[in-house]
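K.L.:
test case, fold it:
(chains A and B)
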Amino acid sequence: MPIFALQRSYKYMMYATKQPSLRINQADLKCKNGCGYYGNADWDGYCSKCYRNHMDQERQRKARQSHSDQTKVSGFSKFEEKKRQQTDKKNKYLKSLPVFRKTSSAKDSGRPERHLDLRQANPDADKLTAEFISLYGVWGEQVRRDFFKCVQSFTTKIYSELENKPIEDIAEMAQKYYNLYSNRVNNTETYQEVTTDVRDELLDFFEKYVMVSLYSWLFCPPSTNDEEKDLIIQERIRKLSWVNAHHLDCCISETSIEVRDLVYTAITHLLGMDSMKAPQDKLSCVVSCCQSVVKVLQHCQGGPVSADEFLPALIFIVLKANPARLKSNILYVTRFCNDSRLMQGEAGYYFTNLCCAVSFIENLTAESLNMPQQEFEAYMNGEITSVSAWESALVACEGMHQLCEHLSLLKDLSIRTNTVQDETKKLTDDILKFKEEMNEKVNSVLERTPLIIKPRKTPELSEKVDDTQNSQNFYLQNLQIATSNIDDAKTKLQLDITPCVSKTSPTDDHSLSKINYDIDFSDLSGESSLAELTPEKRKSPSFTPDPFSPVGSSCPITQAPLIPTKPDDFVLPFVETQETLLEKEDEGPNLPSPIKPMTAQYSGFSKQGWQIPSIPCITGELGANASQANSQTSQDKEN
Amino acid sequence: MKTIVGKVVVLGHQGVGKTSTVIRYVENSFSQHITPTVGASFFSCKLLIDDITVKLQIWDTAGQERFKAMAPMFYRNANAALIVFDITLRQSFESMQGWVFELKQNVDNPMVLCVVGNKSDLAKNRQVNRDEAIQYAKSIGATYHECSAMHDQGVGLVFDDVARGLIRLLGNSSDHNLKVYDSENIDNIMANSSELEATDTGKEETVNLSINSIAHGNTVKKCC
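P.N.:
Take a look at the predicted model:
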């Protein structure tokens, strides 16, 4: 039987590398029985055939012995343990507990209930049934019936043999059934109408269905020591946690973020293998893991990936992933995945690589890491507790990650700062230009329309002086408010953009001057008596036109006169004016209150108010009213 | 029309250009519909020789000394082996002989062997005599080719030869494990199907039995 030979050679290959040495003596590989076939460490050095004979003999011997004396023999403890596990399992399904090997009659009686249980215990199988109907229902009732008939016979047969035969024989049976079903699909009339592609799918689905149904019995069966092997390899990988990419001569750069993400993807896929039930799904997990590894390598070195680099990388991934029940999974796939898939194709290739990786890890020596024996042992004993490369790499990666995030943030910030600076510069330029233009205009206007001071009556003059003082105060007041506003703005700016403060502050000064200009112009353009007062202002020694020109408008000038003038110059003139204006009862409430001048001060703005969008409408209106009132008063005064 | 699926394993010392040779070939022949697996170390390609489609599944292997012990896993069930060495490196030729020795020991099925001397473009630095290589190839029953993966000389010939070798293998020996899909092979299938029928009846019995058993089990349950 070719399948048998195949199976045998495959099994041999799987474990042929138990010896760490590179050259394996041929004599060591042969079956202990001397039958000429290769032996296997897992089978006590026998080949599969001799091992089975050997085990049968053992079993018979044990059965005889347990017949003869019911008491436990200490040497049998392991055997007993396995037996107990099996019987425990049986206990769940069978009320009667057979102490010894079951007779054929016992098997027959046990079958129905087990079969029943098989159907009940698998919600997954129900799901798959539904899936089958939705996928392949179109191919007719006959196909469906035949499919389930075959599934039924397969599961029943396997299940009934589960306790009597070693798992290897069961696997062989499964492979035989796969072949039988494949032939059936390809050569029976029932499947005549089914297209070739769908036939292949059907075969896959058959495998999936039966394996999912039998998963709990076939995966890591209690009759084997798969579980022990899992624990051994897990412990081994844990001990080898110090191995890093450098030891394996593989070019995975552990610190790169993209690589780290890809490595995580690969590890996730590999870990996902354990959660799958059908062998083909487990295989596809392996394939996607390996494809991620290929991506990692492509990212690290560029260009095509050769096996020389791929295998070490895969070993690295397996070491870092330390997947649960690794050995059980590999054995399960080896046993129950359809050989035709496992032997060839991409899946077969990658699975072989995984087996290689596991085998390498099992047999890893100082030599295979190009490391002195002593150093290796020191690592293994934990004498050298190297900084776990992977973890430190993770920490480094975390740091790098943060660094990168910060860098991008800084980049963004610097771009923003640059734009702010550019804008500020532009604004400064604009302001300077505006200033010059304004200067020119003012000068031209002044030249064009020289101000002529009309002679006035003496009593009015004193009033006028007061008025000028008032108006000056108003301006000063204005200025002060403006500066305070600017100060507010400054502090706000400081909060927002620190580096720009130095740049923005001069612009504020200019904006201040701008306000002054407005005031100035309102006065000039205004036909009210206030306008006529400006030349006097210019005359006055304390006030040069400078405060209104942008250059001269520095803080000391605006602030210095204000503080002393406030109590004396501010209120007093009004007291004086009050005397004159008391005659006008209408104007009375407007002027005397010291707070009101605030509205009066807007008189300057009011006429230009419509040109300045920044001033709220309401204040503008108020100002307009006040200015009207003011102009009225001045007119009255003139009168 | 026949279709043969053959597994080709590529062996050789590290750095002799195993992967380059394979990639050169795959890129040349199939640049129109390059498979997504290109870039990996597994390739699949089709050749048409004398009305027979030969599907090659090329398995690249790791050539490092430390992975040598794993090689048997790769060449199990292989139908052909490309054993590559570097003609400018004597050591690679000698280590190749080790590969072949182990290959011969571990594989029972007949196999197409093909010895390939790579880097023929660097012939002036040659360390391995051509005649010596040919003689060695003959001694192990292999064909010998020299090629340059870098300059794309003679790479196609190597794989052509492998494909022809597989067809010969199919004709000559019976215990090859090549996968063959064709119409001529119908006798074989018939034999298989008759076997299926034989077991099928057995299966039928099992099914019947189990169905009866279910009924039985149900009644028992009802009783309880």
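K.L.:
strands along chain B, start to end?
P.N.:
B:2-12, B:42-49, B:52-60, B:80-86, B:112-118, B:143-146, B:179-181 (DSSP state E).
K.L.:
close to chain B: what parts of the stretch 351-500 of chain A are there?
P.N.:
Proximity of the stretch 351-500 of chain A to chain B (CB under 8 Å from any CB of the partner chain) is limited to residues A:352, A:355-356, A:359-360, A:363, A:367-368, A:370. All C-beta atoms are positioned from the backbone trio N, CA, C, and that covers glycine.
K.L.:
who's in contact with residue A:239?
P.N.:
Applying CB atoms under 8 Å, 6 or more residues apart in numbering or on different chains to residue A:239 gives the contacts residue A:380.
K.L.:
check the gap between the closest residue to residue A:376 other than its chain neighbours and residue A:372 for me.
P.N.:
The spatially closest residue to residue A:376, leaving aside those adjacent along the chain, is residue A:366, at 3.4 Å (CB to CB, 6 or more residues apart in numbering or on different chains). The span separating residue A:366 from residue A:372 equals 6 Å under the rule CB to CB, to the nearest Å.
K.L.:
which of the two has more neighbours?
P.N.:
In terms of neighbours (other CB atoms under 10 Å in any protein chain shown), residue A:366 is the more surrounded of residue A:366 and residue A:372; the figures are 16 against 11.
K.L.:
show me the contacts for that one.
P.N.:
A:372-373, A:375-377.
K.L.:
if we use 10 Å, what do you get?
P.N.:
Residues counted as contacts of residue A:366 (CB atoms under 10 Å, 6 or more residues apart in numbering or on different chains) are A:20, A:372-377, A:379-380.
K.L.:
would you mind giving the strands of chain B as CSV with mean pLDDT, distance to residue A:152 and mean neighbour count added?
P.N.:
Output for the strands of chain B, formatted as CSV (pLDDT from 0 to 100; distance: least, CB to CB, whole Å; neighbours: other CB atoms under 10 Å in any protein chain shown):
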stretch, mean pLDDT, distance to residue A:152, mean neighbour count
strand B:2-12, 88, 32, 23
strand B:42-49, 84, 36, 18
strand B:52-60, 88, 35, 22
strand B:80-86, 92, 41, 26
strand B:112-118, 92, 43, 26
strand B:143-146, 92, 52, 20
strand B:179-181, 70, 30, 14
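K.L.:
ok, which of those comes nearest residue A:45?
P.N.:
Across these, residue A:45 has its closest neighbour in strand B:2-12 (27.7 Å, CB to CB).
K.L.:
and the angle for the closest one with strand B:80-86?
P.N.:
Inter-element angle recorded for strand B:2-12 and strand B:80-86: 30 degrees (by axes from the mean of the first three to the mean of the last three CA atoms, to 10 degrees).
K.L.:
sheet-wise, list the partners of strand B:2-12 with their directions.
P.N.:
strand B:52-60 (parallel), strand B:80-86 (parallel), strand B:179-181 (antiparallel) (DSSP bridges).
K.L.:
from chain B, how far out is residue A:313?
P.N.:
Computed as CB to the nearest CB, to the nearest Å, the residue A:313 to chain B distance reads 10 Å.
K.L.:
who are the contact partners of that residue?
P.N.:
Each residue near residue A:313 by CB under 10 Å, 6+ apart is listed here: A:245, A:248, A:250-252, A:263, A:266, A:290, A:293-294, A:296-297, A:300, A:305, A:353, A:357.
K.L.:
buried subset of those residues, written for ChimeraX?
P.N.:
Typed into ChimeraX, the next command selects the buried ones out of the contacts of residue A:313 (criterion: 16 or more other CB atoms under 10 Å in any protein chain shown):
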select /A:245,248,250,252,263,266,290,293,294,296,297,300,305,353,357
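K.L.:
restricted to helices, list the residues of the stretch 351-500 of chain A next to chain B.
P.N.:
A:352, A:355-356, A:359-360 (DSSP state H).
K.L.:
between these, which is nearest residue B:158?
P.N.:
Of all these, the one with the least separation from residue B:158 (CB to CB) is residue A:352, at 23.0 Å.
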